[in-house]
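Participant: Sequence first, predicted coordinates after that:
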Amino acid sequence: MKKSVLRAGATLLALSLVGVACGGGDDASGNGCEGDLKIAFFGALTGDAGNLGINIKKGLDLAVAQHNAENADNQLVVEAYDSQGDPDQAPALADKAIADPCVVGIVGPAFSGESAAVNPKFEEAGLPIITPSATNPDLSKNGWDIFHRALAGDDKQGPGAAAKIVADGKMKVGVVDDNSEYGKGLADIVQESLGDKAVELNSLDPEASDYSAIITAAKDAGVDAVFFGGYYAAAGKLAKQMADAGVTATFYSGDGTLDVGFIEAAGPAAEGAILTCTCAPFDTNPEFLKAFQDANDGENPATYAAEAYDAASVFIAAIKDGKTTRADILEFINGYDAAGVTKQLKWDETGEVTGSAVYAYEIKDGAIKGIGLIE
Amino acid sequence: MPDWLIIRTFWDLTVTGLALGSIYALVALGYTLVYGVLRLINFAHSEIFMVGTFGSLLASSQFLNIPLLEDGNYPYRAGMTLIFFLVVILIIAMVFSGISAVLLERVAYRPLRGNGDSIGAVALAFLTAFIVSLIFIDDTQVNVIISLVLTAPIAYSYLRIFKRGRKAPRLAFLISAIGASTAIAEAVGVWGTHGRDQYQTARILEKKTVFNLFGTDVRIDYVIVIVGALLMMTALTLFVNKTRLGRGVRAVAQDAETSRILGVNVDMIIIVTFALGGVMAGGAAMLFTLVYDQTRFNIGFILGVKSFTAAVLGGIGNLKGALLGGLVLGLVENYGSAIFGGQWKDVIAFTVLLVVLMFRPTGLLGESLGKARV
């Protein structure tokens, strides 16, 4: 954890270095790299949703480790930029990544809020990104050539979640969000898809401790389900306080909540919660599952790990194909069409991946269980 | 009566608002006491609260060895065991907060007060060097060595600047307060076992409904919070009004220089003041973890801002004002979010503060600690 102080210091240094780098000529094409090429992780490794970033980094690490083991003469390095998922901290780190000529591709940015803040910078620098997790639908509508995502966006997840809630026979659904780019975006889509079954319960502050006012409103509305758009730490607090207040409504949430951190924070109140994700269950691909377990002491890959592995694999394929500049790699990705461990990896012009599966998960006996595709 | 959300859920909002308001009030006491005595806004007080929540976390997980879950359920205790555990957690939280408040005064404020305090200057110099070197070097041992080497010259210059009789400008105290606040929170965020993540505290109190208030179920934890906070505040008021040390606190608040001439040990009284504020924050921290079962390195930030607001709302420097301000703020936030929606909560709270200050610039009760009646 001490690294984050170093990073805070590094951020300060980066701020000053950026000036130097910008003055030193435009090296954004990536030609100035001396040493091994780098694939960067960009997202939260610490902070309120750090677990999700750690999952992503593990997938990326695995792909790079496999490549390095097979190609002694072409070693790659993983560079991690820990933004804490904070749109305010991300821009300085993005400048740092852009200034490093060895960084030729980014797996990330992990979250939608930070993506909106830094993707314009990556676009300007021509640095290709494949996000394994940022699902806000608006991200693909900016005309960014560098933008790709390895899973379907919330314009697919939202209707999927709403379909699941309706299929479960819920008649009155309280919709809450955490006011983040991702959370509010997803909650709005779910609310729209639910139509008159939805009761808007407004936003909560994910940093706050007390959600009693929103819970009182939920109780008053007599909801039989609550959908929360946001990340797992706040979701856990909300689910727990709901149970404490005697609200028996089923708790629904999206991919930001799909983490053991939710179960830790909510305790027994997490039981029976239903979570959706456009990410594939961890056992979709047995070969990947085994490789991941071998590399992580038998641990199963968690949310987004497989998507991150896919994203990294595309960059690695480009580098193996002899592409070493950001521009060449970007062109390679845009023309890519091959099977990954989660899905066929082929992007349209906006950077959306083909295929739109939404999976449902349930919290049962204190663990996340996949309960299949949502039709 | 119109069928509005606030009217339908009025008593529910009142109970939860009073509970959170009681916690605001307890923390607000710390701001108000220190302001009353030193005319200093101790922005690091929010971190004293945070240290208290970690005190109660350590008390339950390490000292009392309570697991987070037992057979998939909360580790509920009952009867005398429960009371004993709660008292132990409360005392440990108070000790943590009290000691850290006194240390804070020693390290962050006393060197600035111009008393030629060499121990404080050395400690402050060491901390300065340590924090600065942390930014550049990622190795604790090396950091300590560098800090030790740099301590002497920095301490010397601190002493030069703040030698006897030269008090630092008011702004320096403010910067020192903000710096101490950041340093404490970041230290926990960086070195804590969970880093910046949330920590769960064991829930030993089953949150049963104890009685029904106009159709609203009132939970036992809310009752304990409200009653506990009132008891602690009563004890504090009695201490300040009835004891010798309390008289000293009031005397220094009225006029520090005259008190000194008349034989009051002003430095001692300041330590007592910080300790009192710290103990109250520790009590608030224990009650907080009782209701919310969680904490994290920056838990004090929002709560600290709210409590400071409560202190100003009630009249900063006024003990009863802190109580009134805390409760009013807790209620206004809850009622406001029922009327305008949850995302307006903070806007409403601060609008109320502004309006009150417009008509009563010294807060609702507006009387300072020094002028308080015995």
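Facilitator: Thanks, I have the structure now.

Participant: Wasn't A:Thr276 part of a helix?
Facilitator: No - per DSSP: H, G, I helix; E, B strand; the rest coil, A:Thr276 lies outside any helix segment and is strand.

Participant: And for it, the neighbour number?
Facilitator: 29 (other CB atoms under 10 Å in any protein chain shown). In this view, the C-beta of every residue, glycine as well, is placed from N, C-alpha and C.

Participant: Which strand residues bridge it?
Facilitator: Residues in a beta bridge with A:Thr276, per DSSP bridges, are A:Ala360.

Participant: surely B:Val305 meets B:Ser46?
Facilitator: Yes - counting by CB atoms under 8 Å, B:Val305 does reach B:Ser46; the two are 7.4 Å apart.

Participant: Tell me which of those two has more neighbours.
Facilitator: Using other CB under 10 Å, the more surrounded residue of B:Val305 and B:Ser46 is B:Ser46, with 26 against 15.

Participant: Name the helix or strand for the closest residue to that one other than its chain neighbours, please.
Facilitator: For B:Ser46, ignoring the flanking residues on the chain, the nearest one in space by CB to CB, 6 or more residues apart in numbering or on different chains is B:Gly304 at 2.3 Å. Per DSSP states H and E, B:Gly304 falls inside helix B:299-314.

Participant: List the buried residues of stretch A:299-307.
Facilitator: Across stretch A:299-307, burial judged by 16 or more other CB atoms under 10 Å in any protein chain shown covers A:301-307.

Participant: For chain B, see how far away A:Val199 is.
Facilitator: 11 Å (CB to the nearest CB, to the nearest Å).

Participant: From chain A, how far off is B:Phe350?
Facilitator: Applying CB to the nearest CB to B:Phe350 and chain A gives a distance of 14 Å.

Participant: er, B:Phe130 I mean
Facilitator: 11 Å.

Participant: Please name the residues that touch that residue.
Facilitator: For B:Phe130, the contacting residues are B:143-144, B:147, by CB atoms under 8 Å, 6 or more residues apart in numbering or on different chains.

Participant: hmm, try it at 10 Å
Facilitator: Contact analysis of B:Phe130 by CB atoms under 10 Å, 6 or more residues apart in numbering or on different chains lists B:140, B:143-144, B:146-148, B:150-151, B:183.

Participant: the strands in the stretch 251-374 of chain B, which residues?
Facilitator: Applying DSSP state E, counting those that start in this stretch to the stretch 251-374 of chain B gives strands spanning B:294-295.

Participant: Contact residues of it facing chain A?
Facilitator: Contact residues (CB under 10 Å from any CB of the partner chain) of the stretch 251-374 of chain B with chain A: B:288, B:291-296, B:298-299, B:301-303, B:306, B:330, B:333-338, B:340-346.

Participant: buried subset of those residues?
Facilitator: The neighbour count (16+ other CB under 10 Å) marks B:288, B:291-296, B:298-299, B:301-303, B:306, B:330, B:333-338, B:341-342, B:344-346 as buried among those.

Participant: how many other residues sit next to residue 358?
Facilitator: Just going to use chain A. So A:Val358, with other CB under 10 Å, has 23 neighbours.

Participant: that's the wrong chain, I wanted chain B
Facilitator: A count of neighbours around B:Met358, defined by other CB under 10 Å, yields 8.

Participant: And A:Pro286, by the same measure?
Facilitator: 9.

Participant: and what of A:Ala44?
Facilitator: Around A:Ala44 there are 27 residues (other CB under 10 Å).

Participant: what residues are up against it?
Facilitator: A:50-54, A:56, A:82-86, A:89-90, A:108-111, A:114, A:231, B:196.

Participant: and the helix holding B:Gly304, what other elements does it pack with?
Facilitator: helix B:10-38, helix B:45-58, helix B:170-191, helix B:266-292, helix B:319-340, helix B:345-359 (3 or more CB pairs under 10 Å, 6 or more residues apart in numbering or on different chains; DSSP states H and E).

Participant: What's the mean pLDDT across the fourth one?
Facilitator: Read that as helix B:266-292. If you average the pLDDT over helix B:266-292, you get 94.

Participant: Three-state assignment for A:Phe42, please.
Facilitator: What three-state DSSP gives for A:Phe42 is strand.

Participant: That one touches A:Gln84, doesn't it?
Facilitator: No - the criterion here is CB atoms under 10 Å, and A:Phe42 misses it with A:Gln84 at 11.6 Å.

Participant: Please identify which of those two sits among more neighbours.
Facilitator: Neighbour count, other CB under 10 Å: between A:Phe42 and A:Gln84, A:Phe42 has more, with 28 against 23.

Participant: who touches the spatially most central residue of chain A in this structure?
Facilitator: The centre of chain A sits closest to A:Ser133, judged by CA atoms, centre = their mean, with a distance of 2.5 Å. For A:Ser133, the contact set (CB under 10 Å, 6+ apart) comprises A:43, A:49, A:52-53, A:55-56, A:107-112, A:115, A:149-151, A:182, A:255-256, A:277-279, A:303-304, A:307-308, A:311.

Participant: Mind doing that once more with 6 Å?
Facilitator: Shown in contact with A:Ser133 (CB atoms under 6 Å, 6 or more residues apart in numbering or on different chains): A:110, A:304.

Participant: Quick check: phi and psi on it?
Facilitator: Dihedral pair for A:Ser133: phi -150, psi -20, per degrees, to the nearest 10.

Participant: For B:Leu5, see how far away A:Met171 is.
Facilitator: Per CB to CB, to the nearest Å, A:Met171 is found 20 Å from B:Leu5.

Participant: A:Tyr359 is nearest to which of the helices and strands packed on helix B:299-314?
Facilitator: Proximity to A:Tyr359 (CB to CB) singles out helix B:266-292 among the helices and strands packed on helix B:299-314, at 31.8 Å.

Participant: what's that closest one packed up against?
Facilitator: Counting contacts by 3 or more CB pairs under 6 Å, 6 or more residues apart in numbering or on different chains; DSSP states H and E, helix B:266-292 packs against helix B:10-38, helix B:45-58, helix B:79-104, helix B:220-242, helix B:244-254.

Participant: who's more crowded, A:Met171 and B:Leu5?
Facilitator: More crowded of A:Met171 and B:Leu5, by other CB under 10 Å: B:Leu5, with 17 against 11.

Participant: Show the contacting residues for the nearest residue to the more buried one once chain neighbours are set aside.
Facilitator: Nearest non-adjacent residue to B:Leu5, counting by CB to CB, 6+ apart: B:Ala338, 5.0 Å away. When contacts are counted by CB under 6 Å, 6+ apart, B:Ala338 touches B:5-6, B:13.
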